[in-house]
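Quick one: sequence plus predicted model below, questions after.
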Amino acid sequence: MTDDEFSASADDPGAADETHDADAGEQLDGDGAAQDATEPQDADTTAASSGEDADDGAASPDGEDADAEASSAEPSVALDEFHDALEDAGRPVVTASEVGRSLDHSQAEAVDALDGLVEADDVRRVDVETDPVVWYPAEWGELADRERVVPFPKRREIVVDKPTQFTRAQLSQFAHLADVSGNEAYRYEIRKEDIWQAPYDSFDRLLKTVRQVLPERLDGLEEWIEDQWDRARQFRLFTHEDGYTVLEARSAELMGNVARQKLDESQLRAPISDTESWVAEGSEAAIKRRLYEAGYPVQDQRDLDEGDPLDISLRMNLRGYQSDWVTRFVDAGSGVLVGPPGSGKTVAAMGVMEAVGGETLILVPTRELASQWRDTLLAHTDLDPDQIGEYHGGEKTVRPVTIATYQTAGMDRHRQLFDQRRWGLIVYDEVHHVPADVHRRSADLQASARLGLSATPIREDDREKEIYTLIGPPIGTDWDALFEAGYVQEPEVEIRYVPWDEETYQDEYATAERHEKRQLAAANPQKIEEVREILADHPGSKALIFADYIDQGDALAEALTLPFISGEMPHARRERLFSQFRRDERDALIVSRVGDEGIDLPDADLAILASGLGGSRRQGSQRAGRTMRPSGKARVFALATRGTTEEEFARRQLQHLQSKGVRVREVDSELDDGV
Ligand SMILES: Nc1ncnc2c1ncn2[C@@H]1O[C@H](COP(=O)(O)OP(=O)(O)OP(=O)(O)O)[C@@H](O)[C@H]1O
């Protein structure tokens, strides 16, 4: 897919800014974005649009002739004039209104002229979805192999062409990937929440990363970032020496006009001073959530209950960045550890257990992961087996270290799990999966240190607020060390578009209901041949084939004579197949959703997502993550049936993966016989 296939919405950036400014008005105060030199000034935009008005209706004699002439003749802007416009803008990519301003054309004329240059194949355009199209010289698009960072400060967005994995990791510290067009232009947005949860212990360190990424100093943007950084430090909770919790505000106004307006007497017992209030016991989580919603995240600096002592020592040397994680966590008291799959979060969590030294409750999404944790704890710490309990459908033993599934922990009849022992530490593994009831129930355990583990940044809509208020912001990751240490391999991810097997399927798809469409597209039989082709192209690889629909999994299993591991398979047989896979007695398995959550298949270096693309975006990253073990170049193939909703799902889902530093390619199946 070339850039030009994108339907460009060549709306004028100025216009976009105007709408944006309207939004900005509703944004938090202090959000006014300084007028930015690199953005078309409103005045120009107005001029450009009035230019358009003049062309559209008024009988301005030269307007119509000029348009007619412009559209039929050679591009009315020569390539070197376009280069002049780039020089004026001081950037390798420009919007149509910038070209118009530089060459004294209206924005509409500039778009016509640029389209002419695109037809002459001298200029490329890239559409970053809701944003205006940006244009750049074709020879640059082909030749430049180094990344280009193009900030749009007024919109607080950054377009990066061909970003390196490290740049993407840096950007994920203070921005989030909004979309990707083609394989090249990544568009990042910087929201207030991104700054609130930027994992830095000082503003200067955050600013250092921002300045490392951006090609120039942008004062307006930096001021806005500093405003948001400060905003997340206006309130804090701390423990008074007499043992009760105090809410402190940076100023009397904030306490009076915000906290005492937003919170009621069941939360704030009584004022202590103009800037301090006595907090009602057990209302800390509610206060944090309420003030977060009001745009004021609260720093939780309360003393934590160590819980009953747990004597545990880790029999592994932590890597530098893991020790850094442990130190930062102990300083912060709680927080989320975000690191790529296979980067050593679980081992770091055992390091935290040793540092905290308190009885520990570990919450995980599946029973498999529970037994994984038990094996890992027994292998790498000095815990005795009878010090470790598991609490889920299979067994219910509570010990100084207890591993429970979210599902069981969320059940009313098992609520005693949380207060049966004085936990010093609660670990939420795959933290983005914390269900609301576990969240609510364990939110009252605010006195224990809380550690979230996640392989992907927490960006999903309201998950952010829940996890921020339950556990806290992400802990800083020393990305330099992580990448230098080479513990993160960048897998190649390829979306392979597969044609329909036969026209009959295509017709069936066309007339099917919506949910049936997804299943038909996912289970397109042509994919079986595609999987066979990919396996044949990678002899000797350890392969995981993910199939979400049982009958597709069965069809693949039959066609490829491979076992299909689904929820219906007994645990014992599942474990046996997994360990045969680990011992290299098997080099390929077909798995359904069970293979998603953290099942540690250390050396799978080939993943084929045969279906299930319609699932959550995060699922895609988990699946690809299964092959992101530090074991050479991992390959991931996502199969999507051409011309169906799967195409869209595939692209959106893998964008999520890109935000973790993975490059995605899009190709058509070689088997494509153009049904
Ligand atoms: N400090 C270390 N020394 C030796 N091996 C390590 C260390 N840290 C991690 N590993 C190994 O690297 C692999 C991945 O570690 P771990 O399971 O902690 O990663 P993870 O980030 O939790 O992975 P996932 O996100 O998939 O759960 C494991 O085999 C683990 O034993």
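Cool, got the structure.

which residues of the stretch 551-675 of the chain fall in strands?
Counting by DSSP state E, counting those that start in this stretch, the segments of the stretch 551-675 of the chain that form strands are 564-565, 588-591, 606-609, 635-641, 663-668.

Need those in TSV (columns: mean neighbour count, distance to Ser371 and mean pLDDT).
Any C-beta I mention is one placed from the backbone N, CA and C, and that applies to glycine too. Formatted as TSV, these follow (neighbours: other Cβ atoms under 10 Å; distance: least, Cβ to Cβ, whole Å; pLDDT from 0 to 100):
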stretch	mean neighbour count	distance to Ser371	mean pLDDT
strand 564-565	22	15	90
strand 588-591	24	16	91
strand 606-609	26	22	86
strand 635-641	26	26	86
strand 663-668	16	33	75
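
closest to the ligand out of those strands?
Nearest to the ligand among those is strand 606-609 (12.9 Å), distances taken as Cβ to the nearest ligand atom.

Strand partners (parallel or antiparallel) of the closest one?
If you go by DSSP bridges, strand 606-609 pairs up with strand 543-546 (parallel), strand 635-641 (parallel).

Let me have those in TSV, extended by distance to the ligand.
Below are the strands paired with strand 606-609 laid out as TSV (distance: least, Cβ to the nearest ligand atom, whole Å):
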stretch	distance to the ligand
strand 543-546	13
strand 635-641	14
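
mind putting these in JSON lines, distance to Leu177 included?
Putting those into JSON lines (distance: least, Cβ to Cβ, whole Å) gives the following:
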{"stretch": "strand 543-546", "distance to Leu177": "23"}
{"stretch": "strand 635-641", "distance to Leu177": "17"}
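
Can you give me the domain boundaries for the protein?
Following automatic domain parsing, one finds the domains of the chain at 3-39+74-140, 147-230, 233-296, 320-478, 489-668.

And those domains: which comes nearest Ile312?
Nearest of the domains of the chain to Ile312, taken as Cβ to Cβ: domain 320-478 at 5.4 Å.

anything in the closest one near the ligand?
Yes. On the criterion Cβ under 6 Å from any ligand atom, domain 320-478 is in touch with the ligand at 322, 339, 341-347, 455.

picking that back up, could you point out which of the strands of the stretch 551-675 of the chain sits nearest Glu508?
strand 635-641 (12.0 Å).

Return the distance of that closest one from the chain's centre.
Centroid separation between strand 635-641 and its chain, computed with Cα atoms, centre = their mean, to the nearest Å, is 20 Å.

I'd guess Gly394 is in a helix, am I close?
No. Counting by DSSP: H, G, I helix; E, B strand; the rest coil, Gly394 is not part of a helix but coil.

ok, it touching Arg367?
Yes. The pair Gly394 and Arg367 passes the contact test of Cβ atoms under 8 Å, sitting 5.9 Å apart.

where do the contact lists of the two overlap?
Taking Cβ atoms under 8 Å, 6 or more residues apart in numbering as the contact rule, Gly394 and Arg367 both touch His571.

Can you pick out the residue with more neighbours from these two?
It is Arg367, of Gly394 and Arg367, that has more neighbours when counted by other Cβ atoms under 10 Å, with 19 against 12.

what residues are up against that one?
So Arg367 contacts 392-394, 405, 571 (Cβ under 8 Å, 6+ apart).

Quick one, which of those are buried?
Buried subset of the contacts of Arg367 (neighbour count, 16 or more other Cβ atoms under 10 Å): 392, 405.

what's the distance between the spatially closest residue to Val111 that is not a sequence neighbour and the ligand?
Of all residues not flanking Val111 in the chain, Ala96 sits nearest, at 4.6 Å (Cβ to Cβ, 6 or more residues apart in numbering). If you measure Ala96 against the ligand using Cβ to the nearest ligand atom, to the nearest Å, the figure is 44 Å.
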